[in-house]
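Novice: Provided below for reference: sequence and predicted model.
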Amino acid sequence: MSTSRRTIAATIAGAAALALVVTGCSNGGGAATGDEKITLTLATFNDFGYTDELLAQYTEEHPNVTIVQNKAATSNDARDNFFTKLGAGSGLADVEAIEVDWLAEMMQYSDKLTDLSGSDVDGRWVDWKTAAATDADGRLVGYGTDIGPEAVCYRQDLFAEAGLPSDPEAVAELLDGDWDNYYEVGQQYVDATGKPWFDSAGATYQGVVNQIQNAYEENDGTVIATENPDVKEAFTSVLEASATLSAHLGQWSDDWNAGLANGSFATMLCPGWMLGVISGNAPDISDWNVANVFPGGGGNWGGSYLTVPAQGKNTEAAREFAAWLTAPEQQLQAFTNAGTFPSQVETYTDDTLTSATNEYFNNAPVGQILIDRSNAIEVAPFKSVKYFPINDALQKALTRVDVDKSQSIEESWNQWISDVKALG
Amino acid sequence: MSAQAVDTHVGSAPAERVAPRRRRLINRQRPGWMAYGFLLAVILGSVFPLYWSFLIGSGDPTTITKQDIVWWPGGNFLTNAAAVLSNESVNFWRAIGNSIIVSTVVAFTVVLFSTLSGYAFAKLRFRGKTGLLIFVIATMAVPTQLGVVPLFIAMSKLQIAGTLAAVILPAIVSAFGVFWMTQYLSSALPYELIEAARVDGASMIRTFWHVALPAARPAAAMLGLFVFISTWTNFFWPFIVLDRQNPTLPVALSLLQSNYFVDYSVVLAGVILSTIPLLILFIVAGRQLVSGIMQGAVKG
Amino acid sequence: MTSTTLDDERRIRRIAFSQKLSHWDVRISPYLYISPFFILFGIVGLFPLLYTAYVSVHQWHLIGGEGDFVGLDNFAFVLQQPQFWIALRNTFSIFLFSAVPQVGFGLIIAAVLNENLRAKTFWRMGVLLPYIVAPVAVTLIFSNMFGDQYGLVNNVLRGIGIDPIQWHSQEIPSHIAIATMVNFRWTGYTALILLAGMQAISRDLYEAAAIDGASKVRQFFSITIPQLRPTLIFVIVTSTIGGLQIFDEPRLYDQFGQGGANSQWMTITIYLYNLGWGQLNFGRAAAVAWLLFLIIVLIGLLNLAITRRIAASSDVPGERRSRWTWRSVRHHEQKKVEA
């Protein structure tokens, strides 16, 4: 017994050692010029549309470079990973994808990201996209990948039932206007059918707040969230409307998914990436359509950037790679692969985009619709360090009233004020 | 046995009447149907999540949101399973290999070091024993979340971040394991056996090898099983520290959830697939546990 | 005494030397046996511990790194936050809802498994099945089942005519739902640990008791429970520690992972995580970690004292033994005499 145990122990120790050796090689040292072999790691999440074929195009032009893509499942996983390794000072990929919300949090420490400005990328993106990624010193720290211009998705059958016009042009006219108009039409719908108009207060609120230039912070970083009358107005009006118009579903919850599948509400604010969510959750429903309209004109929800962490070993090569990835040609490919709407202005005149339609949405010309909506965006909300936690707390406040129904509007607002103070 | 032993009991009855009672006591009674019924109910409850996962995994993306539950599986399991295995981001076979390596090594080392330490704490005398034991238990009270950042720093300094070693090393010893073996050995290993071995002239290590280890076998098998399973299902630390090209199974499977819309039929098919190696281990380890207990090396 | 020969002297020296070796063997071996644990723990356990303590007395931003030394300010701040106390309340509530059923039910299951069943392997491994299912699947199932509007449980309740319960919106229902998830996962596990302890109890004790006419229930309370004391201590201490640190289940209970819009089910570890990774305030998160550590040690000691009281008996020679332990010892001695 003793001998066999010793043999087993030795074998396992040997296997472990072998595993260490085999898996232990992960260096990427060296300068960026074209001759030395380097490995660039690219970290993304969700689905950026960077398939192996697309990445292979780069390695063909740069044979000394090997690309390794690391994917995280969700934006939250990626954020946890990103901040942990920033804190640890090592371990980040050469090119890290970041969502705009956490980019805002990074701004205070933007020196941990490499300056990516250069004449080769000037004018590539819409203004407000680059503004969000430029720090106080004028350094551009992120290259835009996709954006989320919003339109309104609606159920044409439910509209018809309620006696409202149901073809896309007519709906666009109907909903064209401000948020009060959106709520009024909604009230008509609810009066006629007794069913909810939109999915949640949370989603509607983010449409409203993204049209406010300085919602929570002044341009110099002072927090004005709790005193800003625009914020209070947005909060109160959305919740008052939600009392009758909302389906009271927490966005992204199981109930919300089931609500989509069971077709319980008639409209939804729809950025480009939401189309896939709807078609995935409700494959049996055939009456979703997209109207080329948005209350208040236009708005953006989400969107990502590629950054190059300063702790990397090949920042020059990484910058080159990131610039290539976010060039109009490559972004169009990504759009075809994953439906992520490009942020590069050149693409807006490209056929691939202007002629894109979506079969699930009754062949709506989604490409053109989103281009129009993107052009209609007037306000680039200023988001800095405290934006994310403050907005988070406000979303919770909305949930307390709309979904949980555990507090009144005033109570929830007051609790939010003390939560913001506690953020210190 | 001899009737003499029986006579010494208080209130002893004549030999013939007592003997049959003794025999019945020696052959343990089989329990009645109530015990089996109860266990069946427990097992049905235990199997439920696995079955539910299989139900969803054999359906389509909408199965999980359906209001009326269909208790019979759909026909899509193999399609979904194929989708999991062929998914290019998931790298399933590599992940299984990694998980097997990591879980086996960790289970083995934890059992070994825990049995050693448990034996020492339970049966040997040495200075500072109580204090050290309390310290061991107290270390379990430290929340693991915060340890992630310093641990990652430590792994980077040791140059093993990104490799399987970074997942194995922090898990090699377990306070839980030490505590468990201590408690088990303190009741399952009588001093008489140890003394008998020492009287026969065995050194400490021989005593450990020939007396303590066999006594510890059932608990060691159980500990090994538990550690294997918990290492297998561990997500957060491997997610942080491993390169994506070199994942363990839960990390790889989480990629099935990537994208704004999550197709749970594929995700749960993946869950079922990842449970199969554990089920195999179950059957193997199960026999070990039962046979080890039956051997009863230390029964009076 | 007459002088010994050279051989004799050598023999004596050899014996003396081997005695000395044996003496050292006994003194040093224990430390050698426990050293692997402590050495490795020093690297992977102690370092994070000390690092966290260091961080907790500084202003520390997760990205920005070390700031000024602020002494106990982080602790003072956290202790004044209503969120901290709410999280503490939630943690205890969920803990009680989960620990008590787990141990109680686990004991019952273990007692039944301890019987002389047919197909032992099947039954014993069967109760462990919930443990092998990935937590993501378990929480998916349960949070789906406990959905406020479309969940299975509320559908069933509506069917019987009871009002649906707000499993996510309200505090106590959310605690019950999460405790159910935890119990589901861990009860079989607890049962097996208790079973292993039960299997180590000598059969003779039960035989002696049965001869005296004790019922199964009496045997259970007077033999099994006292003899299980080390195992019970283990189970209660580890479930205390684990229960107060609970993280995965509450985190996955809804899509945000923050413990509810009104902190309905926010546990201390989630609060810690929100501070550290949500607000990026590492210093305060470290303070919470140390506070939690102290709380766990306190409660752990409390539970230890309670368990000792309940399972009062001992396996140390010379102390009070239960009636049937003495009987079995006498029985043993009788057998030895005959042999």
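Specialist: Yes, it's here. In this text, all values refer to a predicted model and were calculated from it rather than measured experimentally.
Novice: CA only for contacts and neighbour counts going forward, please
Specialist: Fine.
Novice: Break chain C down into its domains, please.
Specialist: Per the record, chain C has its domains at C:6-56, C:74-327, by automatic domain parsing.
Novice: just chain A next, same as before
Specialist: Under the assignment automatic domain parsing, the domains of chain A span A:35-147+A:303-354, A:148-301+A:380-422.
Novice: Quickly check: the longest one near chain B or not.
Specialist: The reference is to domain A:148-301+A:380-422. Yes: among the residues of domain A:148-301+A:380-422, A:254, A:257-258, A:261, A:273-274, A:276-277, A:280-283 lie within reach of chain B under C-alpha under 8 Å from any C-alpha of the partner chain.
Novice: I'd guessed A:G303 sits against A:P149; true?
Specialist: No: taking contacts as C-alpha atoms under 8 Å, A:G303 lies outside contact range of A:P149: 9.1 Å.
Novice: And the two? Which one has more around it.
Specialist: A:P149 (29 against 22; other C-alpha atoms under 10 Å in any protein chain shown).
Novice: and C:L140, what does it touch?
Specialist: Shown here is C:L140, whose contacts under the criterion C-alpha atoms under 8 Å, 6 or more residues apart in numbering or on different chains are C:L252.
Novice: where does chain B dip in pLDDT?
Specialist: Using pLDDT under 70 as the threshold, the predicted model of chain B has low-confidence ranges B:1-28, B:67-69, B:258-259, B:288-300.
Novice: The same query, at a cut-off of 50, please.
Specialist: Counting by pLDDT under 50, chain B contains low-confidence residues at B:1-27, B:293-300.
Novice: What's the separation between C:W24 and chain B?
Specialist: 10 Å (C-alpha to the nearest C-alpha, to the nearest Å).
Novice: Mind telling me what element that residue is part of?
Specialist: According to DSSP states H and E, C:W24 maps onto helix C:6-41.
Novice: does any part of that helix sit near chain A?
Specialist: No: figure legend: helix C:6-41 not in contact with chain A (C-alpha under 8 Å from any C-alpha); closest approach 15.5 Å.
Novice: Can you read off the pLDDT for A:S200?
Specialist: If you check A:S200, the pLDDT there is 92.
Novice: centre of the chain versus stretch A:65-72, how much separation?
Specialist: In terms of C-alpha atoms, centre = their mean, to the nearest Å, the gap separating the centre of stretch A:65-72 from the centre of its chain is 21 Å.
Novice: CA atoms only: put it into PDB for me.
Specialist: What follows is stretch A:65-72 as a C-alpha-only set of coordinates in PDB (Å, rounded to 0.1, in the frame of the first residue of the first chain):
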ATOM      1  CA  VAL A  65       1.900  39.500 -34.400                       C
ATOM      2  CA  THR A  66      -0.200  36.800 -32.700                       C
ATOM      3  CA  ILE A  67      -3.600  37.800 -31.500                       C
ATOM      4  CA  VAL A  68      -5.300  36.100 -28.500                       C
ATOM      5  CA  GLN A  69      -8.900  37.100 -27.700                       C
ATOM      6  CA  ASN A  70     -10.200  36.700 -24.200                       C
ATOM      7  CA  LYS A  71     -13.900  36.900 -23.800                       C
ATOM      8  CA  ALA A  72     -15.800  37.600 -20.600                       C
END
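Novice: just to revisit the earlier point, for the domains of chain C, which one sits closest to A:L175?
Specialist: domain C:74-327 (29.3 Å; C-alpha to C-alpha).
Novice: Flag every residue of chain C that's near chain A.
Specialist: Listed as neighbours of chain A in chain C under the rule C-alpha under 8 Å from any C-alpha: C:62-65, C:81, C:143-144, C:147-151, C:168-170, C:254-255, C:260-262, C:277-279.
Novice: and the residue most central in space within chain C, what element?
Specialist: Computing the C-alpha centroid of chain C and ranking residues by C-alpha atoms, centre = their mean puts C:T238 first, at 1.3 Å. Here C:T238, judged by DSSP H and E, is contained in helix C:229-244.
Novice: what's that helix in contact with?
Specialist: Defining contact as C-alpha under 8 Å, 6+ apart, one finds that helix C:229-244 is touched by B:140-141, B:176, B:179-180, B:183-184, B:186-187, C:91-92, C:94-95, C:98-99, C:103, C:190, C:193-194, C:197, C:268, C:296, C:299-300, C:303-304, C:307-308, C:311-313.
Novice: Weed out the non-buried ones from these.
Specialist: For those, a neighbour count by 16 or more other C-alpha atoms under 10 Å in any protein chain shown gives the buried set as B:140-141, B:176, B:179-180, B:183-184, B:186-187, C:91-92, C:94-95, C:98-99, C:103, C:190, C:193-194, C:197, C:268, C:296, C:300, C:303-304, C:307-308, C:311-313.
Novice: Sort out for me which of those residues are in helices.
Specialist: Using DSSP state H, B:176, B:179-180, B:183-184, B:186-187, C:91-92, C:94-95, C:98-99, C:103, C:190, C:193-194, C:197, C:268, C:296, C:300, C:303-304, C:307-308 are the members of the buried ones among the contacts of helix C:229-244 that sit in helices.
Novice: Give me the neighbour count for A:E99.
Specialist: A:E99 is surrounded by 22 other residues when neighbours are defined as other C-alpha under 10 Å.
Novice: Which single one of the residues of domain A:148-301+A:380-422 next to chain B is nearest to C:D73?
Specialist: Among those, A:D254 lies closest to C:D73 (C-alpha to C-alpha), at 40.2 Å.
Novice: what's the residue nearest to C:L228 when sequence neighbours are not counted in contact with, if anything?
Specialist: Excluding its sequence neighbours, the residue lying closest to C:L228 (C-alpha to C-alpha, 6 or more residues apart in numbering or on different chains) is C:G197, at 6.1 Å. When contacts are counted by C-alpha under 8 Å, 6+ apart, C:G197 touches B:184, B:187-188, C:228, C:231.
Novice: Try it again at 7 Å.
Specialist: With contact set as C-alpha atoms under 7 Å, 6 or more residues apart in numbering or on different chains, C:G197 has these partners: B:184, C:228, C:231.
Novice: Report the separation between it and chain A.
Specialist: Spatial separation of C:G197 from chain A under the definition C-alpha to the nearest C-alpha is 26 Å.
Novice: ok, now B:T163?
Specialist: Distance from B:T163 to chain A, counting by C-alpha to the nearest C-alpha: 5 Å.
Novice: any chance you could map the strands in the stretch 251-400 of chain A?
Specialist: Secondary structure of the stretch 251-400 of chain A by DSSP state E, counting those that start in this stretch: the strands cover A:267-271, A:288-291, A:300-307.
Novice: In a markdown table: the ones you listed, plus distance to chain C and mean pLDDT.
Specialist: Written out in a markdown table, the entries for the strands of the stretch 251-400 of chain A read as follows (distance: least, C-alpha to the nearest C-alpha, whole Å; pLDDT from 0 to 100):
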| stretch | distance to chain C | mean pLDDT |
| --- | --- | --- |
| strand A:267-271 | 19 | 92 |
| strand A:288-291 | 22 | 94 |
| strand A:300-307 | 15 | 91 |
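Novice: so how far is the first residue of stretch C:216-232 from its last?
Specialist: From its first residue to its last, stretch C:216-232 covers 20 Å (C-alpha to C-alpha, to the nearest Å).
Novice: Is any residue of stretch A:47-56 near chain B?
Specialist: Yes: Stretch A:47-56 reaches chain B (C-alpha under 7 Å from any C-alpha of the partner chain) through A:D47.
Novice: Only the buried residues of that stretch, if you could.
Specialist: Within stretch A:47-56, the residues that qualify as buried by neighbour count (16+ other C-alpha under 10 Å) are A:47-51, A:55.
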